[in-house]
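Visitor: what's the 3D shape of this:
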Amino acid sequence: MIRHVVITTGLLVAVTAVMYSTAPVDQSAARPDADVMSRVVAEVEGLDAMRSGLASSISGEADGATFGEVCGPVGARVKGFAEESGWEIRQLALKNRNPNNRLDPEALLIYRMMDDTPEVMGLWVRAEQDGQPGFRYYRRIIVEGSCLACHGARERRPQFVKDGYPDDRAYGFEAGDLRGVYSVFIADE
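Guide: Just a heads-up that it's a prediction; the model follows:
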């Protein structure tokens with residue numbers, strides 16, 4: 001059973017404090033507004049469906065055009081969603097290609113939990129970002145077979161990836177692996 005989970009700060013802080021010694025976050029709001037939650041989940045699901053659909057179009061060798069046809073439009077949609085909503089949305093990964101997409105400590109904790117608990121597809125947590133309290137939604141990103149054209153064995157990565165990302169860590173995946181997480185932060189209003 002795939003499920004979405006809401007974790008209130010008490011549980012998250014208790015677990016996080018053990019690993020990162022973070023300060024507690026204001027627990028006055030138990031969950032975000034239901035309409036906001038629905039919109040965020042729908043947007044992220046649409047984003048992931050877009051990623052999956054574009055990735056399924058990859059056949060044979062991947063090249064620079066593949067990036068423009070698959071990863072580029074997904075990145076543009078992430079940026080557009082953030083601009084139109086005012087929320088921060090990012091694609092984060094432990095094994096990242098772009099260092100700007102590195103997991104922060106909270107996201108790392110969620111990533112590890114999702115890696116250990118594959119039936120959890122999405123997760124809401126009470127969070128604080130840049131001193132602003134709010135909520136953060138995480139949704140897993142799963143590696144599909146077609147993704148292996150660029151994210152499979154290190155030695156089989158396309159030349160444009162090797163040339164463009166000398167510090168690339170986003171390889172060595174197999175279909176079904178946890179690739180990373182979408183993260184959406186919504187500040188309290």
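Visitor: show me where pLDDT drops low in this structure?
Guide: Scanning the chain with the threshold set as pLDDT under 70 gives 1-30.
Visitor: repeat that for 50
Guide: 1-4, 8-23, 25 (pLDDT under 50).
Visitor: show me the longest helix that occurs in it.
Guide: Looking across the chain with DSSP state H, the single longest helix is helix 34-55.
Visitor: buried set for that one?
Guide: Within helix 34-55, the residues scored as buried using 16 or more other Cβ atoms under 10 Å are 36-37, 39-41, 43-44, 47-48, 51, 54-55. Any C-beta I mention is one placed from the backbone N, CA and C, and that applies to glycine too.
Visitor: any chance of the residues you listed in a markdown table with distance to residue 133 as columns?
Guide: Converted to a markdown table, the buried residues of helix 34-55 look like this (distance: Cβ to Cβ, whole Å):
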| residue | distance to residue 133 |
| --- | --- |
| 36 | 15 |
| 37 | 16 |
| 39 | 20 |
| 40 | 17 |
| 41 | 21 |
| 43 | 22 |
| 44 | 21 |
| 47 | 25 |
| 48 | 27 |
| 51 | 30 |
| 54 | 35 |
| 55 | 35 |
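Visitor: of the residues you listed, closest to residue 138?
Guide: residue 44 (9.2 Å; Cβ to Cβ).
Visitor: surely that closest one touches residue 137?
Guide: Yes - taking Cβ atoms under 8 Å as the definition, residue 44 is a contact partner of residue 137 at 6.9 Å.
Visitor: what's the overlap in contacts for those two?
Guide: Common contacts of residue 44 and residue 137, defined by Cβ atoms under 8 Å, 6 or more residues apart in numbering, comprise 122, 182, 184.
Visitor: any idea which element the last one lies in?
Guide: Residue 184 belongs to strand 178-187 when elements are defined using DSSP states H and E.
Visitor: strand partners (parallel or antiparallel) of that strand?
Guide: Here strand 178-187 is paired, per DSSP bridges, with strand 88-92 (antiparallel), strand 132-142 (antiparallel).
Visitor: need the contact list for residue 141.
Guide: Contact analysis of residue 141 by Cβ under 8 Å, 6+ apart lists 48, 51, 91, 93, 178-182.
Visitor: cool, residue 174 as well?
Guide: If a contact means Cβ under 8 Å, 6+ apart, then residue 174 has 143, 148, 152 as its contacts.
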